[in-house]
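Chemist: only geometry, no sequence info:
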């Protein structure tokens, strides 16, 4: 019975596989009937090349692919067989991002407190609704809302320490 399987070539940690048609009971790396492609997982990006027409012809003749070869063939037919994995951000960039978040978090509560304080000083009083003549309503004016004054933070400049030299 013929199998479509991987034949191992290359050094240790530098594997290179050939996709071959071989007798099921033959050695993995022995002689083969037909070469259908190759797969190099050690390179970046991984390389996978398969002769699709020859692969399908051998399937039609009765050759059975191994699970690994069948999975590789499915990946080969997809548009992106080996999608790039997103890189993890480095510790430095994570630390910078975290520091920026903390700085923003410290600024926001101070602004919220300043905005909320004037609102608490001027409570809204509900007056009972009475029908008033139209003339009186036009004469009265609504009290102007007070805008909160934003205080700018004072920048502190460090004082320089000058060493005192004694005269002899």
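Modeler: Okay, I see it. Source: prediction; values computed, not measured. Residues are numbered from 1 along each chain as shown.
Chemist: Could you verify that residue 28 is part of a helix?
Modeler: No - under DSSP: H, G, I helix; E, B strand; the rest coil, residue 28 falls outside any helix and is assigned coil.
Chemist: Now for it, how many residues are close by?
Modeler: 10 (other Cβ atoms under 10 Å). (Glycine included, C-beta is placed from N, CA and C.)
Chemist: does it really touch residue 8, like I thought?
Modeler: Yes - if you go by Cβ atoms under 8 Å, residue 28 and residue 8 touch, sitting 6.2 Å apart.
Chemist: the helices in the protein, which residues?
Modeler: 52-60, 67-77, 91-121, 134-139 (DSSP state H).
Chemist: can you tell me which of these the model trusts least?
Modeler: Of all the helices of the chain, helix 134-139 carries the lowest average pLDDT, namely a mean of 54.
Chemist: Relative to residue 1, how far out is residue 82?
Modeler: 31 Å (Cβ to Cβ, to the nearest Å).
Chemist: Same question for residue 73.
Modeler: Counting by Cβ to Cβ, the gap from residue 73 to residue 1 is 19 Å.
Chemist: Between these two, tell me which one has more neighbours.
Modeler: For residue 73 versus residue 1, neighbours defined as other Cβ under 10 Å are more numerous around residue 73 (21 against 8).
Chemist: pretty sure the more buried one contacts residue 50?
Modeler: Yes - with contact defined as Cβ under 8 Å, residue 73 counts as touching residue 50 (6.2 Å).
Chemist: contacting residues for residue 48?
Modeler: Residue 48 makes contact with 37-40, 72, 75-76, 81-82 under the criterion Cβ atoms under 8 Å, 6 or more residues apart in numbering.
Chemist: Apart from its neighbours in sequence, what residue is nearest it?
Modeler: Excluding the flanking residues, the one nearest residue 48 by Cβ to Cβ, 6 or more residues apart in numbering is residue 39, at 5.0 Å.
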